[in-house]
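Student: sequence-free structure coming up:
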């Protein structure tokens, strides 16, 4: 059963939500039958990448807060992240447009590395203070999860996977996602926000129960007869 997760690398609750969903999935007996697909969403498509600007200054500008208010809010969010084992160093976060980071994820998805790519991006942005709009940074993150750096460089130097990003953003509107993280289970049930693991677990149980009824395992009836096996036995 497919679970689609809309997120943005600059969203602090998306990383927190990832951890809480993973905690729920770990408790789910049929977790091996769950397919996770990460989907692109941009909280601020018009954001300009400004590596030298402190995130607290940026938030103060766009929200009309003081620097102290922005720092206090970020400290509060860092405390929530710590509760699920994440280290947030938001004072080091780089103001960066996320479009190319989403293209990076879209490419990684074609190699079966979508979840790995999301994890690397979140850690790079929230913990390590890396510029996730920088081409060389993305190539290095790709190498860490086993992507071919030459192929990835070719992708990032062009506009490849741009349409996939835009399509995900369009789909978000169709499924009712007005913010992220946004989880859609089997295109029937939605969970908005970084909910507690028990909420995710309940949604998994309900949606999977219905999915399993609609997709029963095939029943195979055996009629015994003369056979040969790979080890050379024939009877």
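Tutor: Yep, it's here. Being a predicted model, the structure only gives us computed values, none of them experimental.

Student: If I look at residue 221, what pLDDT would I see?
Tutor: At residue 221, the model reports a pLDDT of 55.

Student: Let me know how buried the closest residue to residue 85 other than its chain neighbours is, in neighbour terms.
Tutor: In this structure, residue 85 finds its nearest non-sequential neighbour in residue 19, 6.7 Å apart by CB to CB, 6 or more residues apart in numbering. From N, CA and C alone the C-beta is placed, and that goes for glycine too. Residue 19 is flanked by 16 other residues according to other CB atoms under 10 Å.

Student: What helix or strand is residue 19 located in?
Tutor: Residue 19 belongs to helix 12-27 when assigned by DSSP states H and E.

Student: pLDDT of the next helix or strand after that helix, averaged?
Tutor: Counting by DSSP H and E, the element after helix 12-27 in chain order, helix or strand, is strand 35-40. Across strand 35-40, the average pLDDT comes to 98.

Student: Now strand 35-40: buried residues?
Tutor: 36, 38-40 (16 or more other CB atoms under 10 Å).

Student: quick one, what contacts the closest residue in space to residue 205 that isn't next to it in sequence?
Tutor: Leaving out its chain neighbours, the residue that sits closest to residue 205 by CB to CB, 6+ apart is residue 28, at 7.4 Å. Shown in contact with residue 28 (CB atoms under 8 Å, 6 or more residues apart in numbering): 34, 201, 204-205, 208.

Student: Could you list the low-confidence segments of the chain?
Tutor: 219-227, 229-232, 234-235 (pLDDT under 70).

Student: can we see that at 80?
Tutor: 217-235 (pLDDT under 80).

Student: Show me what the host helix or strand of residue 170 is packed up against.
Tutor: Per DSSP H and E, residue 170 falls inside helix 162-174. Here helix 162-174 touches strand 35-40, helix 99-110, going by 3 or more CB pairs under 8 Å, 6 or more residues apart in numbering; DSSP states H and E.

Student: what's the next secondary structure element after that helix?
Tutor: Along the chain past helix 162-174, the next helix or strand (assigned with DSSP H and E) turns out to be strand 182-185.

Student: quick check: angle from the helix holding residue 19 to strand 35-40?
Tutor: 180 degrees (axes from the mean of the first three to the mean of the last three CA atoms, to 10 degrees).

Student: follow-up on the earlier one: ok, so of the contacts of residue 28, who is nearest residue 163?
Tutor: residue 34 (27.1 Å; CB to CB).

Student: circling back: and the helix holding residue 19, how far out from the chain middle?
Tutor: 10 Å (CA atoms, centre = their mean, to the nearest Å).

Student: Stretch 69-87 too?
Tutor: Computed by CA atoms, centre = their mean, the separation of stretch 69-87 from the middle of its chain amounts to 19 Å.

Student: Can you get me the start-to-end distance on stretch 90-98?
Tutor: This stretch, stretch 90-98, spans 16 Å end to end (CA to CA, to the nearest Å).

Student: Just the buried positions in it, please.
Tutor: Going by neighbour count (16+ other CB under 10 Å), the buried part of stretch 90-98 is 90, 93-98.

Student: got it, and stretch 159-170?
Tutor: Neighbour-count burial for stretch 159-170, counted by 16+ other CB under 10 Å, picks out 161, 164-165, 168-169.
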